[in-house]
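Return a 3D structure for these sequence lines:
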Amino acid sequence: MAFIREWRDFRRMQNVAVGAASLIYAGAVLHAYQVLPGGPGLVTQRTLVWPGIFLVLSLLVPLLVPALKRILARYVWLSFKAGFGQTPISVITGVGLLGAAAFFIYWQVANVAHGGRYPAGVFSGYAAGIGILAAQAILVRALERLPEIRQIIEEKA
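Below is the predicted model:
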């Protein structure tokens, strides 16, 4: 099936957002292993184990709880209708938000070297955000299967 360009761009931007956020997170975890005190066990627990639980929960709960799935699917559809990922401005905005989140997580890790708090929460929060982004990307595929949506997003032959 062939989709209109706007839908292809939107779907691609959803996937790029998940990929970029995941790469940013991977880089932050590698940086954390170099900077954070407490040894590899503590760093693993605070950057991978607990955040992994938050990622899985934030991915699965919106997909498995019908009311939340409807709300998130509606948000995804409204994001498409609003033009997210379809114009240079919206792409720059999306990348800017990911960049701001990346700056925040790296800043939190760097603060530990100067006596700041251990940044466990920022890793869990960021991982939860990746879970929501992944759920949105999955819901894009689910929306494509709905006849009333498919009629709007398919190219007319």
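
so where's the protein shaky on pLDDT?
1, 157 (pLDDT under 70).

now the helices for the protein?
5-35, 39-44, 50-64, 66-81, 88-112, 120-144, 147-153 (DSSP state H).

CSV for these, including mean neighbour count?
The way it works is simple: take the backbone N, C-alpha and C, and place the C-beta from them, glycine included. Converted to CSV, the helices of the chain look like this (neighbours: other CB atoms under 10 Å):
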stretch, mean neighbour count
helix 5-35, 17
helix 39-44, 12
helix 50-64, 17
helix 66-81, 15
helix 88-112, 15
helix 120-144, 19
helix 147-153, 12
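
Distance-wise, check the residue lying closest to Gly94 once chain neighbours are set aside relative to His31.
In space, and not counting its chain neighbours, Gly94 is closest to Ala17: 6.0 Å by CB to CB, 6 or more residues apart in numbering. Distance of Ala17 to His31, given as CB to CB, to the nearest Å: 21 Å.

Next: Ile153.
From Ile153 to His31 the distance is 40 Å (CB to CB).

now Gly39
Taken as CB to CB, the span from Gly39 to His31 is 16 Å.

One more: Gln14?
Computed as CB to CB, the Gln14 to His31 distance reads 26 Å.

list the contacts for Phe3?
By CB atoms under 8 Å, 6 or more residues apart in numbering, the residues touching Phe3 are 11, 144, 153-155.

One more: Leu63?
By CB under 8 Å, 6+ apart, the residues touching Leu63 are 69, 135, 138-139.

in terms of contact, does Ser124 touch Gly52 like I think?
No. In terms of CB atoms under 8 Å, Ser124 does not count as a neighbour of Gly52; the distance is 9.2 Å.

What about Arg46, how many residues nearby?
Residues near Arg46, counting by other CB atoms under 10 Å, number 21.

ok, and the closest non-adjacent residue to it?
Spatial nearest neighbour of Arg46, excluding adjacent residues (CB to CB, 6+ apart): Ala120 at 4.1 Å.
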